[in-house]
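Trainee: Would you be able to build a 3D model of this:
(chains A and B, ligands or ions: 1)
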Amino acid sequence: MRIVVCAKQVVDLAQIRMNRETREPILSGIPLIIGDIEKNVLEEATRIKEQHKAEVIALSIGWPQPDGTILECLGRGADRAVMLADPIFETLSSTGVATVLAKAIEKIGDYALILLGEGSTDNNSGQVGPMVAQILGLPLVSYARQLEIVEDKVRIVKGLEDCFETAEASLPVVVTVSAEINEPRIPTILDVMEASSKPQESWSLGDIEISREELEQHHSVKVLSNQYPEQTRKNILFQEELGKSVDSLLQNLVKEGVLER
Amino acid sequence: MPGVLVFSEKDEFALDLLPKSAALAKQLEMELNVAILGPAAKSRATQYFARGASKAYISENELFTEFDAKVQSQALFEIAEVSQAEIMLLVSTKRGKEIASSLAQMLGAGCITNALDIKVEDSKLVASRYGLGGTTIVSEYIETPKKVIAVIPQTFETIEVKSSDGQVIDVDLKLDKPEVKVIERKERKRESVDIEKTDVLICVGLGLKQKEDLGLIQELANAVGGEIGCSRDLASSLGWLSEDRIVGMSGKRCKPKVVFSIGISGQSQHVAGIVGAKTIAAINNDKNAPIFRVADYGILADLYEAVPLLTKRLHNMLKS
Ligand SMILES: Cc1cc2nc3c(=O)[nH]c(=O)nc-3n(C[C@H](O)[C@H](O)[C@H](O)COP(=O)(O)OP(=O)(O)OC[C@H]3O[C@@H](n4cnc5c(N)ncnc54)[C@H](O)[C@@H]3O)c2cc1C
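Mentor: Below you'll find the model as predicted:
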């Protein structure tokens, strides 16, 4: 059984700071790392591999080259990896990303299970999984909190707002997973060392038979602005003796009228 | 006439979205139509007309008895065609997002999910959403002829309804059978808390060492007459509190007078849920915790010392 894991590299959100004049995020120089949900996806793929005979292939597209993310995937249980890097990916909307992923998945071929996160750590739009399923004409099961392979089917517990649903679909299938599905283990030093010797391939748009013109059509959403919300917080930190700090806090809260006396 | 098509798998969410959609449709000089799928679709249409819909495209096809995202998006794809819809306004529930994404792919449309607001600017439909994990607000518009936007539930003011007439159009849909079979559905245990409505919110996070220590937090909540909310992981990974209490991008967005944030690092996805608070007070033992950067007041201390003391002082203060 072949499992394809789609992994997105994201900017390290904890390191972004605001440009005080424009209120825009300062993104230059911020390292690109693997997203959080990707770790759950890889953990799940690895668990399946431990129970069934399976090969896990990590797929990542991005710009600059998502080699750090690919290495992380290989350290977290993927057997081999495919990446695509192109400046056009930076501004591609979800339909475009899904198109590229779907083409790459087709080229990888012979897949039984395609796993993605339910939403990326940065945009969390939740669009790419359903779109990939649509393009490949595969069934889609989203928001998986439990996943089991039963013969030629997946059985999945989906976490929705008001209920948990147990759903079944025949392989091949696209599944998006929620963070609740597992607790990703931390790769050992050995895992990390082995990762760099596992096979990696770099494909171009030509390799997956997609033209730049076709992708240009997927610049369908235009960003007008991306700014920190106006923030007028006082940022006062009390760090004196605890009793005094607590008193100062309460005095201020009463003064502001947010605590009823 | 080109139209705006409103749909949600849940009537109440679609109905909430209608008054705003009606205003947008008017500004864009478009017709406001709705899609209603499933049992009793025809009789459900009246409520939609009362909130401004002109036409209701309905289908009571038995395939809609069970929810299936693909079946629903296929239906909407066909209805978009017959109703000449240019703009599909959906609701960004989990299911709503599945539908929005599949539909957008079928239509070759640009898609925005988790929209916080939508407005018309220079005759463009501009939507805003969180960016960079809730750190920023992104304002954007779709350039494709057809557009799909899913708005976070219950975002807009509701209006008083007045009964009004509309046209019901029963559409004959060509649908494929669902590929995913639902074998069981378990309702989630709902807690009757409404942390979105409280004036005082106590938010607790992974700074808490064990479930039993929630008692400390409850005592504080009792002392101020507040409700307890939490960070995601405390509920979804540890299960110490119900998921109804999660505050943040994937939980509740709260607007209390004051929030006490306790043992929470202040990552953007969480903070998105408290930015609406009038005042933010935080207790954390890490001077560099990001929560201090978004708080009005911070106390640098171990919560196990600070919380009992705070509770005691509040008791004395609010009693006198
Ligand atoms: C797509 C996506 C959506 C998400 N949505 C949400 C959401 O809606 N809501 C949400 O909350 N999270 C959400 N998250 C998760 C979020 O990124 C953080 O992981 C989470 O908020 C962290 O919870 P925390 O602050 O409780 O834990 P931590 O980040 O582990 O912070 C614990 C804090 O407690 C402090 N602490 C420890 N011990 C003590 C002590 N004795 N006294 C005082 N302080 C102490 C530490 O200094 C630390 O700052 C989302 C993540 C993703 C990727």
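Trainee: so how many other residues sit close to the closest residue to chain B within chain A?
Mentor: Residue of chain A nearest chain B, by Cβ to the nearest Cβ: A:Ser220 (3.2 Å). C-beta: built from backbone N, CA, C; applies to glycine. As a burial measure, A:Ser220 scores 23 neighbours (other Cβ atoms under 10 Å in any protein chain shown).
Trainee: Excluding chain neighbours, what is closest to it?
Mentor: Closest residue in space to A:Ser220, ignoring its immediate chain neighbours: B:Gly110 at 3.2 Å, by Cβ to Cβ, 6 or more residues apart in numbering or on different chains.
Trainee: what sits against the residue of chain A closest to chain B?
Mentor: Going by Cβ atoms under 8 Å, 6 or more residues apart in numbering or on different chains, A:Ser220 touches A:93, A:95-96, B:109-111, B:142-144.
Trainee: give me that answer again for 7 Å
Mentor: Applying Cβ atoms under 7 Å, 6 or more residues apart in numbering or on different chains, we find A:Ser220 in contact with A:93, A:95, B:110, B:142-144.
Trainee: Specify the beta-bridge partners of the residue nearest to A:Ser220.
Mentor: B:Lys147 (DSSP bridges).
Trainee: Could you report the pLDDT at the closest residue to the ligand within the stretch 51-200 of chain B?
Mentor: The minimum distance from the stretch 51-200 of chain B to the ligand, using Cβ to the nearest ligand atom, falls at B:Gly133 (6.2 Å). For B:Gly133, the model assigns a pLDDT of 92.
Trainee: What distance do you get for B:Arg44 to B:Ile36?
Mentor: B:Arg44 sits 5 Å away from B:Ile36, going by Cβ to Cβ, to the nearest Å.
Trainee: Give me the more crowded residue out of the two.
Mentor: A direct count of neighbours by other Cβ under 10 Å for B:Arg44 and B:Ile36 places B:Ile36 higher, at 26 against 19.
Trainee: one step back: the residue nearest to A:Ser220 is in contact with B:Lys147, isn't it?
Mentor: Yes - contact criterion Cβ atoms under 7 Å: B:Gly110 and B:Lys147 qualify, at 6.0 Å.
Trainee: So, low pLDDT: which residues of the stretch 151-300 of chain B?
Mentor: For the stretch 151-300 of chain B, applying pLDDT under 70 flags no range at all.
Trainee: How about the residues of it by the ligand?
Mentor: The stretch 151-300 of chain B has residues B:205-207, B:231-234, B:246-251, B:263-265, B:267, B:269-270, B:273, B:283-286, B:289 near the ligand, with proximity defined as Cβ under 6 Å from any ligand atom.
Trainee: got the residue ranges for the helices in chain B?
Mentor: In chain B, the helices defined using DSSP state H lie at B:11-27, B:41-49, B:69-82, B:94-107, B:214-224, B:232-236, B:268-271, B:291-294, B:303-319.
Trainee: ditto for the stretch 151-261 of chain A
Mentor: Taking DSSP state H, counting those that start in this stretch as the test, the helices found in the stretch 151-261 of chain A are A:189-195, A:212-216, A:242-255.
Trainee: that older thread, relative to A:Gln227, which of the helices of chain B is closest?
Mentor: Of all the helices of chain B, helix B:268-271 sits nearest to A:Gln227, with 13.6 Å by Cβ to Cβ.
Trainee: That closest one packs against which elements?
Mentor: Applying 3 or more Cβ pairs under 7 Å, 6 or more residues apart in numbering or on different chains; DSSP states H and E, we find helix B:268-271 packed against no helix or strand.
Trainee: Off-centre distance for it?
Mentor: In this view, helix B:268-271 has its centroid 15 Å away from the chain centroid, taken as Cα atoms, centre = their mean, to the nearest Å.
Trainee: ok, and what's touching it?
Mentor: A:13, B:132-135, B:231-232, B:247-250, B:264, B:294.
Trainee: Done for today, thanks.
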